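Enquirer: What follows is a predicted structure for the sequence shown.
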Amino acid sequence: MDGGLARRGWLPCYIGGAVFAVCMAGTTLPTPLYSLYQDELGFSELTVTVVYAVYAFGVIGVLLLAGNASDAVGRRPVLLWGLGCAAASAVCFLCATALGWLFAGRLLSGLSAGLFTGAATAYVMELAPGKGSPRAAFVATAANMGGLGCGPLLAGLLAQYAPWPLHLPFVVHLVLLAASALLLFALPETVSERRPFKTVRPQRPGLPPEVRAVFRPAALASFVGFALFGVFTSVSPAFLAQFLDVDNHAVSGLIVALAFFASIAGQSAVGRIGERRSLPLGCAGLLGGLALLACALWWHLLPLVVLSALLGGAGQGLAFRAALAQVAAASPARHRAAVISTLFVVAYTGISLPVIGVGVLSGHIGLQDAGLVFIACMAVLVAYAGVYLLRRPGGVRT
């Protein structure tokens, strides 16, 4: 079976991308459901942000402790573990009669994403004809961000128009995970020389001196881009309900999904725009998205929320793909994995700590003002990164 699929051109790559997307969809599946959990279990907006952020700690932990595991034991075993963690997460949400179930579900979801992020990206590219082609890299990128976007869209539609809103989305996801596991068994293993799991060593983040000038603006842009996604996926449904009277779960899920789909469009444009231009342009897009979000919070206008998701998502896509490429190119080969791991740690810190900050502030000054404080802080960071990029030697030449 392995050999048959291996001979079918791009099909294995696309199947690997589909499996990647299914796993990542589970990490954003609860997004439009948090308001229902609040009504059911009676917790605050701060608790919502902490529950959401637990996911990032799971991702960071796996990236640091076992991010290179698939290089040793093979891609398929690690991805099967990831699917297992995703299934366990869905079961926790199905059993969520108390807050502890939500924390456990989010932590397991973070573990699954941490296992998939590196291993699935490498696997999808290795399954493609002419391994490592730009087309294969885009399949991996689209699967990652597309899956993240499909999660809230699927959950929102099911919660709004189907029965059992807190159960059916996770039942559907379990079915998709089972199908993904079967597809994974049909794909070939791409690591030819496998070693025992005991040979896996934790990856320590590292930053050689020659990378620091490139890393600083790349890390700031990545931090802000992921922070923007964090706010969209944790508190935007609450804002839509409280200030815009949008209590349709499908609409809130769609708005969150638009940010991730726009990121795919932004990442796909990097090849045409060029990496050096894409990073400052991405910073400009993030700044514009933050400005639109501030206006939406101030004037309570739904169209501005949508435009913020589109512009901010496109900016994140441009900035992050360019940041990843520039940091990888500037890193010495022997330190490249450690430097990339450091960039991902910064990015996933961005998706957690600022979101918790919004939750803490919202308890004291309200959700609207907390959002405005968040936007001001992120705008300062991304503006600094953009100015630094424009002033550095070489400007924005391609």
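Expert: Yep, that arrived.
Enquirer: Now tell me which helix or strand of the protein has the poorest mean pLDDT.
Expert: None of the helices or strands of the chain scores lower by mean pLDDT, DSSP states H and E than helix 2-6, at a mean of 50.
Enquirer: Count residues in the vicinity of residue 181, would you?
Expert: The number of residues packed near residue 181 is 16, by other CB atoms under 10 Å. In this view, the C-beta of every residue, glycine as well, is placed from N, C-alpha and C.
Enquirer: which residues does it contact?
Expert: 80, 83 (CB atoms under 8 Å, 6 or more residues apart in numbering).
Enquirer: Just the element for it, please.
Expert: Taking DSSP states H and E as the definition, residue 181 sits inside helix 168-186.
Enquirer: I'd like the average pLDDT over the helix or strand that comes right after that helix.
Expert: Downstream of helix 168-186, the next assigned helix or strand under DSSP H and E is helix 212-234. Helix 212-234 shows a mean pLDDT of 92.
Enquirer: Quick check: buried residues in helix 212-234?
Expert: Buried residues in helix 212-234, defined by neighbour count with 16 or more other CB atoms under 10 Å: 214-234.
Enquirer: how far does stretch 103-110 sit from the chain's center?
Expert: For stretch 103-110, the separation from the chain centroid amounts to 15 Å (computed by CA atoms, centre = their mean, to the nearest Å).
Enquirer: Give the buried residues for the helix holding residue 181.
Expert: Buried-residue list, helix 168-186, by 16+ other CB under 10 Å: 168-170, 172-174, 176-177, 180-181, 183-184.
Enquirer: and the gap between residue 54 and residue 276?
Expert: Distance, residue 54 to residue 276, by CB to CB, to the nearest Å: 37 Å.
Enquirer: With residue 117 instead?
Expert: 26 Å.
Enquirer: Who has more neighbours out of these two?
Expert: Relative neighbour count places residue 117 above the other of residue 117 and residue 276, with 21 against 18, counting by other CB under 10 Å.
Enquirer: Spit out the contact partners of that one.
Expert: Neighbours of residue 117 in contact, by CB under 8 Å, 6+ apart: 59, 63, 67, 144, 344.
Enquirer: now do 10 Å
Expert: Counting by CB atoms under 10 Å, 6 or more residues apart in numbering, residue 117 makes contact with 20, 23-24, 59, 62-63, 67, 82, 144, 344, 348.
Enquirer: name the element it belongs to?
Expert: helix 99-127.
Enquirer: List the buried residues for that helix?
Expert: 101-127.
Enquirer: Name the next helix or strand following it along the chain.
Expert: In N-to-C order, the element after helix 99-127 by DSSP H and E is helix 134-161.
Enquirer: Return the list of helices and strands in contact with that next one.
Expert: helix 11-28, helix 99-127, helix 168-186, helix 212-234, helix 236-243, helix 249-273, helix 302-330 (3 or more CB pairs under 10 Å, 6 or more residues apart in numbering; DSSP states H and E).
Enquirer: now the first one, how far from the centre of its chain.
Expert: Using CA atoms, centre = their mean, we find the averaged C-alpha position of helix 11-28 to lie 13 Å away from the chain's own average C-alpha position.
Enquirer: go on, the fifth one?
Expert: For helix 236-243, the distance from its own C-alpha centre to the chain's C-alpha centre is 21 Å (CA atoms, centre = their mean).
Enquirer: what packs against it?
Expert: By 3+ CB pairs under 10 Å, 6+ apart, helix 236-243 packs against helix 34-41, helix 45-66, helix 134-161, helix 249-273, helix 275-299, helix 302-330, helix 367-391.
Enquirer: what about this protein, any weak spots by pLDDT?
Expert: 1-8, 131-133, 334, 337, 393-398 (pLDDT under 70).
Enquirer: Now do the same contact list for residue 77.
Expert: Counting by CB under 10 Å, 6+ apart, residue 77 has contacts 69-70, 115, 119, 184, 189, 191, 194, 197.
Enquirer: so which two of these are the farthest from each other?
Expert: 184 and 197 (18.3 Å; CB to CB).
Enquirer: Quick check: residue 376 touching residue 287?
Expert: No: with contact defined as CB atoms under 10 Å, residue 376 does not count as touching residue 287 (11.7 Å).
Enquirer: more crowded one of those two?
Expert: residue 287 (21 against 11).
Enquirer: how far away is the residue nearest to that one when sequence neighbours are not counted from residue 120?
Expert: Spatial nearest neighbour of residue 287, chain neighbours left out: residue 382 (5.4 Å); criterion: CB to CB, 6 or more residues apart in numbering. Counting by CB to CB, the separation of residue 382 from residue 120 is 28 Å.
Enquirer: quick one: residue 103 and residue 48 touch, right?
Expert: No: if you go by CB under 10 Å, residue 103 and residue 48 don't touch, sitting 11.8 Å apart.
Enquirer: just to revisit the earlier point, what sits against the residue nearest to residue 287?
Expert: Per CB under 10 Å, 6+ apart, neighbours of residue 382: 217, 220-221, 223-225, 227-228, 282-287, 289-290, 315, 319.
Enquirer: do the same with residue 321
Expert: With CB under 10 Å, 6+ apart, residue 321 has these contacts: 137-138, 141, 263, 266-271, 275, 278-279, 282.
Enquirer: among these, who's most crowded?
Expert: Result: residue 282 is most packed of the contacts of residue 321 (other CB under 10 Å), 33 neighbours.
Enquirer: Spell out which residues sit in contact with it, please.
Expert: 221-222, 224-225, 266-267, 269-270, 273, 314-323, 382, 385-386, 389.
Enquirer: In TSV, list the helices and strands packed on helix 236-243 along with distance to residue 93.
Expert: Below are the helices and strands packed on helix 236-243 laid out as TSV (distance: least, CB to CB, whole Å):
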stretch	distance to residue 93
helix 34-41	9
helix 45-66	11
helix 134-161	10
helix 249-273	15
helix 275-299	28
helix 302-330	25
helix 367-391	24
